[in-house]
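Undergrad: Sequence and predicted structure, then a few things I'm wondering about:
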Amino acid sequence: GAVVSQHPSRVICKSGTSVKIECRSLDFQATTMFWYRQFPKQSLMLMATSNEGSKATYEQGVEKDKFLINHASLTLSTLTVTSAHPEDSSFYICSASVGTGWGNTEAFFGQGTRLTVV
Amino acid sequence: DAKTTQPNSMESNEEEPVHLPCNHSTISGTDYIHWYRQLPSQGPEYVIHGLTSNVNNRMASLAIAEDRKSSTLILHRATLRDAAVYYCILRDEADRGSTLGRLYFGRGTQLTVWP
């Protein structure tokens, strides 16, 4: 199956600093990628849709100035958590799909990034 | 996206079959039934999906009720590596373009496998 690679897998940063997380599709082109956040013992929550060459679409309640998304190429999307605070500590996961559409398409996920803000 | 209902947790012994149920009474005619699982501290991984007919692959089988209001994921011989949270998700056939691959996750079923 297709591979989605996420980097870094784990990061610790100081409160007030910014952190960038990369999501790459290794063997396919992804015009659209998705970013999720998962708090401990909870399910994944979709944060935003990353569109190659255009602005990201954010889910309701997600601050677009806080979580900057850039999708500059067909194989790379980045999520930057700006001015991180301890409440931003979470597990961040990206995903993408192969194909031209329909619900008959599987999604591929990165291995996730554990962000800890101290 | 249509809603699914799953038990919070299930348990199984190693090498025994596991049947994970999912109710989706509001499913539409164009919704595909997808299953993903998430191992601890990892991103989710695709398991199987289907529309109307039962489906089999190397990981599992998917049994879909005739009225499509429920489905069951079947792991034929559970292993310790199958311990994970299993998510049942509906995906609209019309889902395409910028929404391709977008998934809304419920709470899923935590499967515990005992040696």
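TA: Received, thanks.
Undergrad: C-alpha only now, for contacts and for neighbours.
TA: Fine.
Undergrad: ok, what's across the strand from the spatially most central residue of chain B?
TA: Note on chain B: the residue nearest the mean C-alpha position is B:W35, at 2.8 Å, using CA atoms, centre = their mean. Beta-bridge partners for B:W35, by DSSP bridges, are B:I48, B:C88.
Undergrad: what does the model give it for pLDDT?
TA: If you check B:W35, the pLDDT there is 97.
Undergrad: which ones are touching it?
TA: Listed by CA atoms under 8 Å, 6 or more residues apart in numbering or on different chains, the contact set of B:W35 reads B:46-49, B:73, B:86-89.
Undergrad: Recalculate using a threshold of 10 Å.
TA: With contact set as CA atoms under 10 Å, 6 or more residues apart in numbering or on different chains, B:W35 has these partners: A:106, B:22, B:44-50, B:60, B:62, B:72-73, B:86-90, B:108.
Undergrad: Please apply the same query to B:C88.
TA: B:3-6, B:20-24, B:33-37, B:47-49, B:71-73, B:104-109.
Undergrad: Which of those fall in strands?
TA: If you go by DSSP state E, those have B:20-23, B:33-37, B:47-49, B:71-73, B:109 in strands.
Undergrad: Okay, the residue most central in space within chain A and chain B: tell me how far apart.
TA: Taking CA atoms, centre = their mean, the centroid of chain A lies closest to A:W35, which sits 3.2 Å from it. Distance, A:W35 to chain B, by CA to the nearest CA, to the nearest Å: 9 Å.
Undergrad: hey, what's that residue bridged with?
TA: When assigned by DSSP bridges, A:W35 has beta-bridge partners A:A48, A:C94.
Undergrad: cool, and B:L62?
TA: Beta-bridge partners of B:L62, counted by DSSP bridges, are B:V55, B:L73.
Undergrad: what about A:L76, neighbour count?
TA: 23 (other CA atoms under 10 Å in any protein chain shown).
Undergrad: whoops, I mixed them up, B:N13
TA: For B:N13, using other CA under 10 Å, the count is 15.
Undergrad: ok, now B:S25?
TA: Using other CA under 10 Å, B:S25 has 14 neighbouring residues.
Undergrad: Disregarding flanking residues, what is the spatial nearest neighbour of it?
TA: Take B:S25 and drop its neighbours on the chain: the residue closest to it by CA to CA, 6 or more residues apart in numbering or on different chains is B:K69, 4.4 Å away.
Undergrad: Correct me if wrong: B:E16 contacts B:T79.
TA: Yes: counting by CA atoms under 10 Å, B:E16 touches B:T79, with 8.3 Å between them.
Undergrad: residues bridging contact with those two, i.e. touching both?
TA: Common contact partners of B:E16 and B:T79 (CA under 10 Å, 6+ apart): B:113-114.
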